[in-house]
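S.K.: Provided below for reference: sequence and predicted model.
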Amino acid sequence: MHAAQGEPLEGLPEVELAADGRELPRRRRARLDARRLRPLQHEERDSGRRDRGRYELPLAVPSEKRHGRHGSLSPMRVLVTGGAGFIGSHFVRRLAAAGDEVVVLDKLTYAGNQANLDAVEHEFRRGDIADADVVAEAAAGCDAIVNFAAETHVDRSILGPADFILTDVLGTQVLLDHARHHGLRHLQVSTDEVYGDIEPNAPAATEESPLRASSPYSASKAGGDLQVLAYVRTYGVDALITRGANTYGPRQYPEKFLPLFITNALDGEHLPVYGDGRQRREWLHVEDHCAGIELALREGRAGEVYNVGGQERENMEVVRRILDLTRGSPDLVRHVADRPGHDRRYAVDSSKLRALGWSPKHSFDAGGLAGTVDWYRANREWWEPIKSGDYRAYYEQQYAARLGA
Ligand code: NAD
Ligand code: TYD
């Protein structure tokens with residue numbers, strides 16, 4: 001990481017020991033000094049920010065760097081973990097196009113695919129975010145970490161939660177430790193699922209709503225989020241969280257609802273609807289999700305959470321749209337045994353991120369879903385090898401009994 005211009009280097013001794021006995025270089029100490037906790041000012045409290053007796057952290061990454069997209073001469077170097085997955089790969093594309101330097105650290109689990117980053121300028125490292133040495137090597141010289149790396153599928157978390165805790169909780173904590181000791185900003189990419197089931201007519205969850213995770217997946221994401229907030233408060237780490245809604249778009253692994261149903265419909269295979277299909281989700285285009293994450297990275301405040309919402313639809317409504325767009329027969333629909341603990345509804349209030357300047361550009365009904373179906377129709381070479389590989393064993397385990405096959 002490079003020292004910011006104008007940092008108060010004067011008058012600092014060459015070497016000082018940190019609390020744990022390590023030597024802190026002069027430049028890094030200057031950055032840490034600049035980030036000392038200060039109480040919120042009255043005018044900040046009055047400008048719509050709630051005073052929760054918390055402390056505000058000046059940002060670790062100087063603003064002339066964070067503003068790269070708006071023509072800065074000083075781009076950031078960002079470690080994007082999980083950058084070979086669905087949302088992470090779109091985000092890497094976006095930062096690279098904005099002129100930032102990107103290092104991707106990805107374990108390449110079943111969900112990771114280096115081909116997702118073809119023709120995108122980046123440095124690639126294969127490795128696990130739960131390995132501190134691997135993280136230290138990948139993060140060398142970086143200003144910020146954006147953590148997409150996670151086990152992400154609810155159904156797989158029901159089959160076996162352990163990997164979810166290792167990556168989503170322990171892995172997050174290892175990244176936070178690195179951010180803590182090296183003065184990096186950490187943005188945690190989280191999910192609206194941490195708020196759990198939202199009652200049918202209840203207002204959407206705000207960032208202040210309680211965490212009521214239902215599945216091993218959402219519980220592990222909530223565990224990661226709580227570590228982030230604990231590191232902000234306890235160690236003064238410059239970290240923040242985004243909580244995105246159900247995301248859709250090109251290059252999503254075909255285990256999740258939309259890509260599974262689109263590709264099955266294109267192949268004339270059954271569409272396994274869990275239970276009555278009356279569950280509701282907010283659908284957020286991947287580009288809009290990434291725009292929200294980027295804005296939070298550049299403009300968000302340490303210790304804050306930002307919801308990134310989408311358009312709420314009932315599952316059966318989405319199934320009917322997929323059948324229209326793929327010209328699939330309604331006979332493909334099978335109502336199958338429900339997912340245990342299945343949340344009926346997710347809904348989030350995104351007004352806090354909107355106040356920072358975010359607004360979605362894609363409409364689910366006017367082009368968003370249709371464009372995604374077109375992408376899967378035109379890119380069989382991306383998903384056919386996935387569906388004929390190891391995926392098959394997972395599909396059998398998850399659906400064979402349900403579909404009576
Ligand atoms: P994905 O499953 O497509 O990709 C996850 C990526 O993380 C893969 O490339 C995988 O190889 C990598 N990974 C997994 N474990 C790792 C480890 N231990 N070390 C390094 N890399 C590892 O996921 P996605 O859908 O792109 O989701 C990305 C993030 O966004 C996740 O944190 C998820 O919780 C969050 N999120 C997803 C959605 C959604 O609808 N997909 C919505 C909101 C939030
Ligand atoms: P999913 O994509 O797994 O996301 P979430 O994490 O929100 O559960 O599922 C979205 C919705 O679609 C959810 O209500 C479960 C439902 N669903 C099915 O009905 N059948 C399926 O095979 C899958 C994967 C999901």
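M.R.: The structure has been received and is ready for your questions. Ligands and ions are numbered 1, 2, ... in the order given.
S.K.: Look at the closest residue to ligand 2 within the stretch 51-200 of the chain and report its pLDDT.
M.R.: Nearest residue of the stretch 51-200 of the chain to ligand 2 (Cβ to the nearest ligand atom) works out as Val154 at 4.4 Å. Where you see a C-beta, it was placed from the backbone N, CA and C, and this is true even at glycine. Per-residue confidence (pLDDT) for Val154: 98.
S.K.: residue contacts, it?
M.R.: The contact partners of Val154, taken as Cβ atoms under 8 Å, 6 or more residues apart in numbering, are 193, 215, 217-218, 339.
S.K.: so of those residues, which ones are in helices?
M.R.: Using DSSP state H, the subset of the contacts of Val154 located in helices is 217-218.
S.K.: Keep only the contacts of Val154 that also lie close to ligand 2.
M.R.: Applying Cβ under 6 Å from any ligand atom to the contacts of Val154, one finds that Glu193 fall near ligand 2.
S.K.: Could you export the contacts of Val154 as CSV, including distance to Ala115, pLDDT and neighbour count?
M.R.: Shown next, in CSV, are those (distance: Cβ to Cβ, whole Å; pLDDT from 0 to 100; neighbours: other Cβ atoms under 10 Å):
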residue, distance to Ala115, pLDDT, neighbour count
Glu193, 28, 98, 25
Ser215, 29, 98, 22
Tyr217, 25, 98, 24
Ser218, 29, 98, 26
Arg339, 30, 98, 16
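S.K.: So the nearest residue to Val336 once chain neighbours are set aside: helix, strand or coil?
M.R.: Among residues not flanking Val336 along the chain, Arg402 sits closest, at 3.8 Å (Cβ to Cβ, 6 or more residues apart in numbering). Put simply, Arg402 is helix when judged by DSSP: H, G, I helix; E, B strand; the rest coil.
S.K.: got a list of what Arg402 touches?
M.R.: Neighbour list for Arg402: 272, 334, 336-337 [criterion: Cβ under 8 Å, 6+ apart].
S.K.: can you map out the strands along the stretch 151-300 of the chain?
M.R.: Assigned by DSSP state E, counting those that start in this stretch, the strands in the stretch 151-300 of the chain fall at 185-191, 239-244, 246-248, 271-274, 280-285.
S.K.: quick one, which of those is nearest to Trp383?
M.R.: Nearest to Trp383 among these is strand 246-248 (14.2 Å), distances taken as Cβ to Cβ.
S.K.: Just among the contacts of Arg402, which is most surrounded?
M.R.: Among the contacts of Arg402, the one with the most neighbours (other Cβ atoms under 10 Å) is Pro272, at 20 neighbours.
S.K.: Look up how far Val228 lies from Thr234.
M.R.: Relative to Val228, Thr234 is positioned 11 Å away (criterion: Cβ to Cβ, to the nearest Å).
S.K.: ok, now Arg377?
M.R.: Look at Arg377 and Val228: by Cβ to Cβ, they are 39 Å apart.
S.K.: Which residue of Thr234 and Val228 possesses the greater neighbour count?
M.R.: More crowded of Thr234 and Val228, by other Cβ under 10 Å: Val228, with 25 against 9.
S.K.: what's the distance between that one and ligand 2?
M.R.: Using Cβ to the nearest ligand atom, to the nearest Å, we find Val228 at a distance of 20 Å from ligand 2.
S.K.: Low-confidence ranges, this protein, go.
M.R.: Along the chain, the model assigns pLDDT under 70 to residues 1-74, 405.
S.K.: I am finished for the moment; much appreciated.
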